[in-house]
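Asker: I'll drop the sequence and a predicted model, then ask my questions.
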Amino acid sequence: MSKRYKQLLEKIDTNKSYSVAEATATVLDLKSAKFDETVEIAMNLNVDPRHADQMVRGAVVLPHGTGKVVRVAVFAKGIKADEAKAAGADIVGTDDLVAQIKDGIFNFDVVVAAPDCMGLVGQIGRILGPKGLMPNPKTGTVTPDVATAVKNVKGGQVTFRVDKKGNIHAGIGKASFDAIKISENLASFVAAINKQKPAAAKGRYIKNAALSLTMSPAVKIDTMELLDIK
(Lines give C-alpha, C1' and ligand atoms only; values in the text may rest on other atoms or scores of the structure.)
Protein backbone atom coordinates (compact mmCIF):
# COMPACT_ATOMS: atom_id res chain seq x y z
CA MET A 1 0.00 0.00 0.00
CA SER A 2 1.50 3.33 -1.05
CA LYS A 3 1.98 6.29 1.26
CA ARG A 4 -0.47 8.31 -0.84
CA TYR A 5 -3.14 5.63 -0.55
CA LYS A 6 -2.68 5.39 3.23
CA GLN A 7 -3.13 9.16 3.51
CA LEU A 8 -6.37 8.95 1.54
CA LEU A 9 -7.63 6.10 3.73
CA GLU A 10 -7.19 8.33 6.79
CA LYS A 11 -9.88 10.62 5.37
CA ILE A 12 -12.45 7.80 5.39
CA ASP A 13 -14.30 6.06 8.21
CA THR A 14 -14.20 2.52 6.78
CA ASN A 15 -16.78 1.31 9.32
CA LYS A 16 -19.37 3.89 8.28
CA SER A 17 -22.02 3.79 5.59
CA TYR A 18 -22.23 7.35 4.30
CA SER A 19 -25.30 9.15 3.00
CA VAL A 20 -25.21 9.95 -0.72
CA ALA A 21 -24.39 13.59 0.02
CA GLU A 22 -21.63 12.66 2.47
CA ALA A 23 -20.17 9.99 0.18
CA THR A 24 -20.07 12.40 -2.75
CA ALA A 25 -18.35 15.15 -0.75
CA THR A 26 -15.90 12.68 0.79
CA VAL A 27 -14.94 11.11 -2.56
CA LEU A 28 -14.34 14.48 -4.19
CA ASP A 29 -12.01 15.26 -1.28
CA LEU A 30 -9.88 12.24 -2.27
CA LYS A 31 -8.60 13.75 -5.51
CA SER A 32 -4.88 13.07 -5.76
CA ALA A 33 -4.02 12.05 -9.33
CA LYS A 34 -2.52 14.32 -11.97
CA PHE A 35 -5.42 13.56 -14.33
CA ASP A 36 -9.18 14.06 -14.10
CA GLU A 37 -10.17 10.85 -12.32
CA THR A 38 -13.44 9.06 -13.01
CA VAL A 39 -16.03 8.87 -10.23
CA GLU A 40 -17.10 5.23 -10.09
CA ILE A 41 -20.01 3.54 -8.38
CA ALA A 42 -19.90 -0.17 -7.53
CA MET A 43 -22.91 -2.11 -6.30
CA ASN A 44 -23.58 -5.69 -5.28
CA LEU A 45 -27.14 -6.82 -6.00
CA ASN A 46 -29.06 -9.65 -4.38
CA VAL A 47 -29.71 -11.44 -7.69
CA ASP A 48 -28.56 -14.64 -9.34
CA PRO A 49 -27.82 -13.75 -12.98
CA ARG A 50 -27.51 -17.44 -13.87
CA HIS A 51 -31.30 -17.29 -14.05
CA ALA A 52 -32.58 -15.29 -17.01
CA ASP A 53 -35.36 -13.74 -14.92
CA GLN A 54 -32.76 -12.22 -12.57
CA MET A 55 -30.56 -10.51 -15.16
CA VAL A 56 -30.20 -6.77 -14.53
CA ARG A 57 -29.26 -4.94 -17.71
CA GLY A 58 -30.04 -1.61 -19.28
CA ALA A 59 -28.92 1.93 -20.02
CA VAL A 60 -29.48 5.38 -18.57
CA VAL A 61 -28.59 8.85 -19.83
CA LEU A 62 -26.97 10.74 -16.95
CA PRO A 63 -28.25 14.33 -16.57
CA HIS A 64 -24.73 15.79 -16.53
CA GLY A 65 -23.02 13.26 -18.80
CA THR A 66 -19.96 11.23 -17.91
CA GLY A 67 -17.31 13.81 -18.76
CA LYS A 68 -15.89 11.34 -21.26
CA VAL A 69 -15.64 11.82 -25.02
CA VAL A 70 -17.31 8.78 -26.59
CA ARG A 71 -16.69 7.70 -30.18
CA VAL A 72 -19.69 6.05 -31.86
CA ALA A 73 -19.74 3.70 -34.83
CA VAL A 74 -23.09 3.14 -36.54
CA PHE A 75 -24.23 0.36 -38.86
CA ALA A 76 -26.82 2.04 -41.09
CA LYS A 77 -27.60 2.67 -44.73
CA GLY A 78 -29.55 5.16 -46.82
CA ILE A 79 -31.49 7.80 -44.91
CA LYS A 80 -30.59 6.20 -41.57
CA ALA A 81 -26.89 6.61 -42.37
CA ASP A 82 -27.45 10.30 -43.13
CA GLU A 83 -29.37 10.72 -39.86
CA ALA A 84 -26.56 9.06 -37.89
CA LYS A 85 -23.96 11.36 -39.46
CA ALA A 86 -26.08 14.43 -38.75
CA ALA A 87 -26.44 13.34 -35.11
CA GLY A 88 -22.66 13.27 -34.70
CA ALA A 89 -21.68 9.65 -35.31
CA ASP A 90 -17.92 9.28 -35.73
CA ILE A 91 -18.10 6.35 -38.17
CA VAL A 92 -21.04 5.19 -40.30
CA GLY A 93 -20.89 2.17 -42.59
CA THR A 94 -22.03 -1.30 -43.55
CA ASP A 95 -19.76 -3.81 -45.31
CA ASP A 96 -16.80 -1.42 -45.06
CA LEU A 97 -17.27 -1.19 -41.28
CA VAL A 98 -17.47 -5.00 -41.02
CA ALA A 99 -14.18 -5.25 -42.94
CA GLN A 100 -12.54 -2.67 -40.67
CA ILE A 101 -13.55 -4.59 -37.55
CA LYS A 102 -12.38 -7.89 -39.05
CA ASP A 103 -9.02 -6.18 -39.62
CA GLY A 104 -8.87 -5.35 -35.91
CA ILE A 105 -9.41 -1.61 -36.22
CA PHE A 106 -11.47 -0.33 -33.28
CA ASN A 107 -11.44 3.46 -33.41
CA PHE A 108 -14.75 3.70 -31.53
CA ASP A 109 -16.15 3.04 -28.05
CA VAL A 110 -19.80 2.14 -28.75
CA VAL A 111 -21.59 0.45 -31.65
CA VAL A 112 -25.13 1.37 -32.71
CA ALA A 113 -27.06 -0.51 -35.39
CA ALA A 114 -30.26 -0.05 -37.35
CA PRO A 115 -32.37 -3.26 -37.21
CA ASP A 116 -31.96 -3.91 -40.96
CA CYS A 117 -28.17 -4.05 -40.47
CA MET A 118 -28.14 -6.65 -37.71
CA GLY A 119 -27.50 -9.39 -40.26
CA LEU A 120 -24.20 -7.69 -41.05
CA VAL A 121 -23.39 -7.16 -37.38
CA GLY A 122 -24.04 -10.86 -36.77
CA GLN A 123 -21.04 -11.66 -38.99
CA ILE A 124 -18.74 -10.04 -36.44
CA GLY A 125 -20.66 -10.93 -33.27
CA ARG A 126 -17.83 -13.16 -32.08
CA ILE A 127 -15.46 -10.21 -32.33
CA LEU A 128 -17.74 -7.54 -30.81
CA GLY A 129 -19.27 -9.71 -28.07
CA PRO A 130 -16.13 -10.38 -25.99
CA LYS A 131 -15.23 -6.68 -26.18
CA GLY A 132 -18.64 -5.65 -24.84
CA LEU A 133 -19.41 -3.84 -28.10
CA MET A 134 -22.31 -5.92 -29.43
CA PRO A 135 -25.38 -3.71 -30.02
CA ASN A 136 -28.45 -4.70 -28.02
CA PRO A 137 -32.06 -3.45 -27.95
CA LYS A 138 -32.03 -3.44 -24.12
CA THR A 139 -29.32 -0.80 -24.09
CA GLY A 140 -30.90 1.22 -26.90
CA THR A 141 -28.10 0.45 -29.34
CA VAL A 142 -30.26 -1.54 -31.77
CA THR A 143 -32.95 0.86 -32.88
CA PRO A 144 -34.55 2.36 -36.00
CA ASP A 145 -33.98 5.78 -34.40
CA VAL A 146 -30.20 5.77 -34.80
CA ALA A 147 -30.01 9.57 -34.47
CA THR A 148 -31.43 9.53 -30.93
CA ALA A 149 -29.20 6.59 -30.01
CA VAL A 150 -26.11 8.50 -31.15
CA LYS A 151 -27.19 11.64 -29.24
CA ASN A 152 -27.84 9.59 -26.08
CA VAL A 153 -24.46 7.87 -26.21
CA LYS A 154 -22.66 11.14 -26.91
CA GLY A 155 -24.70 12.90 -24.23
CA GLY A 156 -23.73 10.65 -21.35
CA GLN A 157 -25.54 7.34 -21.69
CA VAL A 158 -24.18 4.64 -19.38
CA THR A 159 -24.91 0.98 -19.99
CA PHE A 160 -24.92 -1.52 -17.15
CA ARG A 161 -25.02 -5.29 -16.79
CA VAL A 162 -24.74 -7.36 -13.64
CA ASP A 163 -21.88 -9.87 -13.62
CA LYS A 164 -21.99 -13.50 -12.46
CA LYS A 165 -21.56 -12.50 -8.81
CA GLY A 166 -24.22 -9.80 -8.82
CA ASN A 167 -21.80 -6.90 -9.17
CA ILE A 168 -22.51 -3.84 -11.26
CA HIS A 169 -20.33 -0.78 -11.73
CA ALA A 170 -20.08 2.34 -13.87
CA GLY A 171 -18.38 5.68 -14.26
CA ILE A 172 -20.84 8.42 -13.32
CA GLY A 173 -18.74 11.53 -13.79
CA LYS A 174 -15.34 13.10 -13.28
CA ALA A 175 -13.49 14.41 -10.24
CA SER A 176 -13.75 17.88 -11.82
CA PHE A 177 -17.57 17.77 -11.47
CA ASP A 178 -19.12 19.48 -8.46
CA ALA A 179 -20.89 17.49 -5.74
CA ILE A 180 -24.38 18.34 -7.00
CA LYS A 181 -23.68 16.97 -10.49
CA ILE A 182 -22.20 13.78 -9.07
CA SER A 183 -25.15 13.32 -6.68
CA GLU A 184 -27.69 13.85 -9.47
CA ASN A 185 -25.86 11.49 -11.82
CA LEU A 186 -25.68 8.90 -9.03
CA ALA A 187 -29.41 9.24 -8.35
CA SER A 188 -30.25 8.74 -12.04
CA PHE A 189 -28.03 5.66 -12.23
CA VAL A 190 -29.42 4.09 -9.05
CA ALA A 191 -33.01 4.85 -10.10
CA ALA A 192 -32.37 2.93 -13.33
CA ILE A 193 -30.99 -0.02 -11.36
CA ASN A 194 -33.99 0.01 -9.01
CA LYS A 195 -36.36 0.15 -11.97
CA GLN A 196 -34.74 -3.02 -13.33
CA LYS A 197 -35.29 -4.98 -10.10
CA PRO A 198 -36.36 -8.50 -11.14
CA ALA A 199 -39.62 -9.78 -9.71
CA ALA A 200 -37.74 -12.95 -8.77
CA ALA A 201 -35.22 -11.05 -6.61
CA LYS A 202 -35.77 -11.77 -2.91
CA GLY A 203 -34.51 -9.96 0.18
CA ARG A 204 -32.68 -6.62 0.13
CA TYR A 205 -32.06 -5.82 -3.54
CA ILE A 206 -28.93 -3.66 -3.08
CA LYS A 207 -26.64 -5.47 -0.65
CA ASN A 208 -23.60 -3.17 -0.80
CA ALA A 209 -22.57 -0.01 -2.62
CA ALA A 210 -19.51 2.21 -2.71
CA LEU A 211 -18.23 5.31 -4.45
CA SER A 212 -14.60 5.88 -5.43
CA LEU A 213 -12.25 7.68 -7.78
CA THR A 214 -9.97 5.91 -10.25
CA MET A 215 -7.04 6.09 -7.82
CA SER A 216 -8.81 6.29 -4.46
CA PRO A 217 -10.13 3.96 -1.76
CA ALA A 218 -13.88 3.30 -1.76
CA VAL A 219 -16.46 5.08 0.38
CA LYS A 220 -19.39 2.90 1.49
CA ILE A 221 -22.90 4.23 0.80
CA ASP A 222 -26.02 3.64 2.90
CA THR A 223 -27.97 1.11 0.83
CA MET A 224 -31.28 1.94 2.49
CA GLU A 225 -31.06 5.43 1.05
CA LEU A 226 -30.23 3.99 -2.37
CA LEU A 227 -33.23 1.65 -2.27
CA ASP A 228 -35.49 4.68 -1.83
CA ILE A 229 -34.26 6.39 -4.99
CA LYS A 230 -36.90 6.17 -7.71
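Answerer: Looks like it came in fine.
Asker: switch to C-alpha atoms for all contacts and neighbour counts from now on
Answerer: Will do.
Asker: Point me to the helix or strand that includes the residue most central in space within the chain.
Answerer: Closest to where the C-alpha atoms of the chain average out (CA atoms, centre = their mean) is Val158, at 3.3 Å. Assessed by DSSP states H and E, Val158 sits inside strand 157-161.
Asker: Give the next helix or strand downstream of that strand.
Answerer: Using DSSP H and E, the next helix or strand after strand 157-161 towards the C-terminus is strand 167-174.
Asker: picking that back up, list the contacts of the strand holding Val158.
Answerer: 55-62, 65-66, 139, 168-172 (CA atoms under 8 Å, 6 or more residues apart in numbering).
Asker: Could I get the average pLDDT for it?
Answerer: Mean pLDDT, strand 157-161: 93.
Asker: Name the strands paired with that strand and say parallel or antiparallel.
Answerer: Taking DSSP bridges as the criterion, strand 157-161 forms sheet pairs with strand 57-61 (antiparallel).
Asker: Tell me what angle the partner strand forms with strand 167-174.
Answerer: 10 degrees (axes from the mean of the first three to the mean of the last three CA atoms, to 10 degrees).
Asker: tell me the contacts of Ile127?
Answerer: Ile127 makes contacts with 101-102, as judged by CA under 8 Å, 6+ apart.
Asker: Which strand or helix spans it?
Answerer: Element membership for Ile127 (DSSP H and E) is helix 125-128.
Asker: other SSEs contacting the helix or strand following that helix?
Answerer: Toward the C-terminus, helix 125-128 is succeeded by helix 146-154 as the next helix or strand (DSSP H and E). Applying 3 or more CA pairs under 8 Å, 6 or more residues apart in numbering; DSSP states H and E, one finds that helix 146-154 makes contact with strand 72-75, helix 79-86, strand 110-113.
Asker: Of all the ones you listed, which one is nearest Lys154?
Answerer: For Lys154, the closest of the helices and strands packed on helix 146-154 is strand 72-75, at 7.7 Å, according to CA to CA.
Asker: could you give the mean pLDDT of that closest one?
Answerer: For strand 72-75, mean pLDDT rounds to 98.
Asker: Which of the helices and strands packed on helix 146-154 sits closest to Thr14?
Answerer: Going by CA to CA, the one of those nearest Thr14 is strand 110-113, 36.0 Å.
Asker: Could you point out the helix or strand that follows the closest one?
Answerer: In the C-terminal direction from strand 110-113 (assignment by DSSP H and E), the next one is helix 118-122.
Asker: Now Asp36: closest residue in space that isn't a chain neighbour?
Answerer: Closest residue to Asp36 apart from its sequence neighbours, by CA to CA, 6 or more residues apart in numbering: Ala175 at 5.8 Å.
Asker: How confident was the prediction at the one you found?
Answerer: 97.
Asker: And for Arg4?
Answerer: 86.
Asker: OK, contacts around the residue nearest to Asp36?
Answerer: Contact analysis of Ala175 by CA under 8 Å, 6+ apart lists 28, 31, 36-39, 213.
Asker: Looking at the residues you listed, which are in helices?
Answerer: The members of these that map onto helices under DSSP state H are Leu28.
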